[in-house]
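Student: Quick one, structure for this:
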Amino acid sequence: VMLQSQVALAPETLTQLASSSAGDGRASVGGSGLRLVALGPLLPHKGLHLALAALAKVAGDWHLEVIGDGPQRARLARLAGDLGISARVTFVGRLPQAEAHLRLARSHALIFPALHDSGGFAVAEAMAAGLAIVCLRRGGPAQLVPDEAGIKVAAATPDEAVGGLASAITSLVADPPRCAALGRVGRKHAVQNFLWPSRATALYDRFLKALQ
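Tutor: Residues are numbered from 1 along each chain as shown. Purely as a prediction, here's the structure:
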């Protein structure tokens, strides 16, 4: 069985994302708290309800910015209120791609708790922008993220997912240098692997090996 992700970025997109944070101009986690971002449509299988439940368990200074819209937005906003974290979660709705990329560059970590996702373009974009990744150990996103670029959480049950996400985020709040290091590795990996020519070459090489 061969697994090859279909996720890749246009050269100009990857270059823009990588250069926007190449100097690590974002404030350090310790100086401004952990700035988390969630990016994508607000649909049930994207798992943002699990992320909110996890964040309610996280002490320390953090803020989540949710970029995207969808049928779950009102429900998720109510859930944030019920969990007592609405002041620390901002729903900004859909944004033009350029604005979304600027907000990625100002963040420290992407939280991507999708329950099933074959790809994860938001993960690739966030890695290119130098963000640490927190995702579930399920589907495409877990294949995209090297162990040295993020934290992949086991999710056999909702409780396990929530507990693992809470532990992962708590560790980033407590260890800003680790968060920054994960982001640097992710950026390097994205630049080397997420261009369309790189994806095509990798797929071609796998076909050749299979035919040998």
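Student: switch to C-alpha atoms for all contacts and neighbour counts from now on
Tutor: Noted.
Student: Surely residue 92 is in a strand?
Tutor: Yes - counting by DSSP: H, G, I helix; E, B strand; the rest coil, residue 92 is found in a strand.
Student: which stretches of the protein have low pLDDT?
Tutor: For the chain, residues meeting the criterion pLDDT under 70 lie at 1-11, 20-32, 118-119, 195-208, 210.
Student: Beta-bridge partners for the spatially most central residue of it, please?
Tutor: Nearest residue to the geometric centre of the chain (CA atoms, centre = their mean): residue 110, 3.1 Å. For residue 110, the beta-bridge partners are residue 37, residue 133 (DSSP bridges).
Student: can you give me the helices in this structure?
Tutor: Along the chain, counting by DSSP state H, helices occupy 11-20, 29-32, 48-55, 73-82, 97-105, 121-128, 139-144, 158-174, 176-193, 196-211.
Student: closest one to residue 39 among those helices?
Tutor: Closest to residue 39 of the helices of the chain, according to CA to CA: helix 121-128, at 6.1 Å.
Student: helices and strands around that closest one, which ones?
Tutor: Here helix 121-128 touches helix 11-20, strand 109-112, strand 132-136, helix 139-144, helix 176-193, going by 3 or more CA pairs under 8 Å, 6 or more residues apart in numbering; DSSP states H and E.
Student: and the helices of the chain, which is most packed in?
Tutor: Highest mean neighbour count of the helices of the chain: helix 121-128, a mean of 27 (counted as mean count of other CA atoms under 10 Å).
Student: Residues contacting that helix, please?
Tutor: Contacts to helix 121-128, defined as CA atoms under 8 Å, 6 or more residues apart in numbering, come from residues 7-9, 14, 17-18, 39-40, 101, 104, 109-110, 112, 132-133, 141, 144-145, 149, 183, 186-191, 194.
Student: hang on, the earlier thing: for my notes, please list the helices of the chain in JSON lines and give distance to residue 63 for each entry.
Tutor: Output for the helices of the chain, formatted as JSON lines (distance: least, CA to CA, whole Å):
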{"stretch": "helix 11-20", "distance to residue 63": "21"}
{"stretch": "helix 29-32", "distance to residue 63": "10"}
{"stretch": "helix 48-55", "distance to residue 63": "9"}
{"stretch": "helix 73-82", "distance to residue 63": "12"}
{"stretch": "helix 97-105", "distance to residue 63": "13"}
{"stretch": "helix 121-128", "distance to residue 63": "17"}
{"stretch": "helix 139-144", "distance to residue 63": "23"}
{"stretch": "helix 158-174", "distance to residue 63": "11"}
{"stretch": "helix 176-193", "distance to residue 63": "15"}
{"stretch": "helix 196-211", "distance to residue 63": "33"}
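Student: The ones you listed: which one's closest to residue 91?
Tutor: Set against residue 91 and scored by CA to CA, the helices of the chain come closest in helix 73-82, at 7.8 Å.
Student: what angle sits between that closest one and helix 48-55?
Tutor: Comparing the axes of helix 73-82 and helix 48-55 via axes from the mean of the first three to the mean of the last three CA atoms, to 10 degrees yields an angle of 10 degrees.
Student: So which elements touch helix 73-82?
Tutor: With contacts taken as 3+ CA pairs under 8 Å, 6+ apart, helix 73-82 sits against helix 48-55.
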